[in-house]
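K.L.:
Got a sequence here, can you build the structure:
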Amino acid sequence: MRALLVFLALLVSSTAHADRIKDLTTIGGVRENHLTGFGIVIGLDGTGDDTRSPLVKGAMTKMLKRLGITIDPADLKAKNVAAVMITAELPPFAKPGMNLDVHVSSMGNAKSLSGGTLLVAPLKGADQRTWAIAQGALTVGGFFAEGASGSSAKKNHTLAGIVPRGAQVELAAPTMVPTRQIALILKQADFTTATRMKDAIIAKLGPDMAVVNDAGTVVVPIKKGVDPTLLISQLEPIEVEPDLKAKVVIDEKTGTIVVGEAVTLRSAAITFGSLTIEIDETKEVSQPQELAKGETKVVPKSAVKVEETNQPMKVINKAATVGDVAAALAALGAKPRDLVSILRALKAAGALRADLETL
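P.N.:
Got it, this is the predicted structure:
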């Protein structure tokens, strides 16, 4: 059914589109750094970790001890506490006092983190140094409710949440500021795109201002007396037309198919059919006659129905643009699951000029 097919390719214009170098590349040495940590969420409405969890008891005992309160871990029985892992991204050039979003995920058997508050917790990098401190109220995009009899209701995922701007940077982020040359690292390595980028930089800044190292790197020298920051600001708005690889992306779980801009089709003839199997199972009672020895039994009875539909062979014409490809595939009238098989068969036959990527 055409209504079930989502062709995002129809949203892509067939005309060339130039992108900024800022959007196509990253600067060598300028990157984010991953931060992780362990924390405790409190204030949960009976949806926290099991009271027997040694992880929660040990963490709570140590935290209370730092606050001057000594308690026996065996006395901790409330279910309003949960052990969590926290993560954040330290952006380049981050300075002390900046705030970061914190992602919080349960690591125990809690049922929900909704309504909880993350207690102060350090965020560390791969070097084991504390780069930020996190604390604050969680925002969870869902809810979980449970009755006394065991019935429950749940919406979305309640075991992960965010503390908006919940972490404060304590140390300046380590960043390698280029001093002799600027390495523009392409997010998608491609020789054609790298060459076009080099030509665009030379046309804007002059000869000998860019060199292609490989498919993923374009190097711009920093001449004597030139401010690297100013040079980077001049490079970022330069527009380059990237060369796209012909690709079709298939997500079989959701039936989504995305056709890339560079995909083309050659003429081919296709036929496809579907097999439907229906099993109807009923239960009949077998009861012995009066005064007869025997037992009443329930006997299952099944009815199996097999239906196979044959489709006539259809011809798809040569398609040179993404719009033509989408129209040719939609005209087949195939369901998403059938269309996945058709695309693979077209690729095997050499009629589909694209790489297939399955998610």
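
K.L.:
if I look at the most centrally placed residue in the chain, how far off is Lys335?
P.N.:
Computing the C-alpha centroid of the chain and ranking residues by C-alpha atoms, centre = their mean puts Leu359 first, at 10.9 Å. According to C-beta to C-beta, to the nearest Å, Leu359 and Lys335 sit 18 Å apart. Where you see a C-beta, it was placed from the backbone N, CA and C, and this is true even at glycine.

K.L.:
How about Glu241?
P.N.:
37 Å.

K.L.:
and Ile342, that's in a helix?
P.N.:
Yes - Ile342: assigned to a helix according to DSSP: H, G, I helix; E, B strand; the rest coil.

K.L.:
my guess is it contacts Ile270, does it?
P.N.:
Yes - assessed by C-beta atoms under 8 Å, Ile342 is found in contact with Ile270 at 6.2 Å.

K.L.:
Please identify the helix or strand for Ala121.
P.N.:
Using DSSP states H and E, the element containing Ala121 is strand 117-124.

K.L.:
try Ala327
P.N.:
Going by DSSP H and E, Ala327 is part of helix 322-330.

K.L.:
Show the low-confidence segments of the stretch 101-250 of the chain, by residue range.
P.N.:
143-155, 176-178 (pLDDT under 70).

K.L.:
ranges for the helices of it?
P.N.:
Using DSSP state H, counting those that start in this stretch, the helices of the stretch 101-250 of the chain run over 191-205, 228-235.

K.L.:
Can you name every helix or strand that the shortest one contacts?
P.N.:
Yep, that's helix 228-235 we're talking about. With contacts defined as 3 or more C-beta pairs under 8 Å, 6 or more residues apart in numbering; DSSP states H and E, the packing partners of helix 228-235 are strand 181-186, helix 191-205.

K.L.:
Kindly format the C-alpha coordinates of the last one as PDB.
P.N.:
Think helix 191-205. This file holds the C-alpha atoms of helix 191-205, laid out as PDB (Å, rounded to 0.1, in the frame of the first residue of the first chain):
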ATOM      1  CA  PHE A 191      38.000  12.200  -2.300                       C
ATOM      2  CA  THR A 192      35.700  14.200  -4.600                       C
ATOM      3  CA  THR A 193      34.300  16.300  -1.700                       C
ATOM      4  CA  ALA A 194      37.800  16.900  -0.300                       C
ATOM      5  CA  THR A 195      39.000  18.100  -3.700                       C
ATOM      6  CA  ARG A 196      36.100  20.400  -4.200                       C
ATOM      7  CA  MET A 197      36.700  21.800  -0.700                       C
ATOM      8  CA  LYS A 198      40.400  22.500  -1.500                       C
ATOM      9  CA  ASP A 199      39.400  24.300  -4.700                       C
ATOM     10  CA  ALA A 200      36.700  26.400  -2.900                       C
ATOM     11  CA  ILE A 201      39.300  27.400  -0.200                       C
ATOM     12  CA  ILE A 202      41.900  28.400  -2.800                       C
ATOM     13  CA  ALA A 203      39.300  30.400  -4.800                       C
ATOM     14  CA  LYS A 204      38.400  32.200  -1.500                       C
ATOM     15  CA  LEU A 205      41.700  32.700   0.200                       C
END
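
K.L.:
Between strand 181-186 and that helix, find me the angle.
P.N.:
For helix 191-205 against strand 181-186, the angle by axes from the mean of the first three to the mean of the last three C-alpha atoms, to 10 degrees is 140 degrees.
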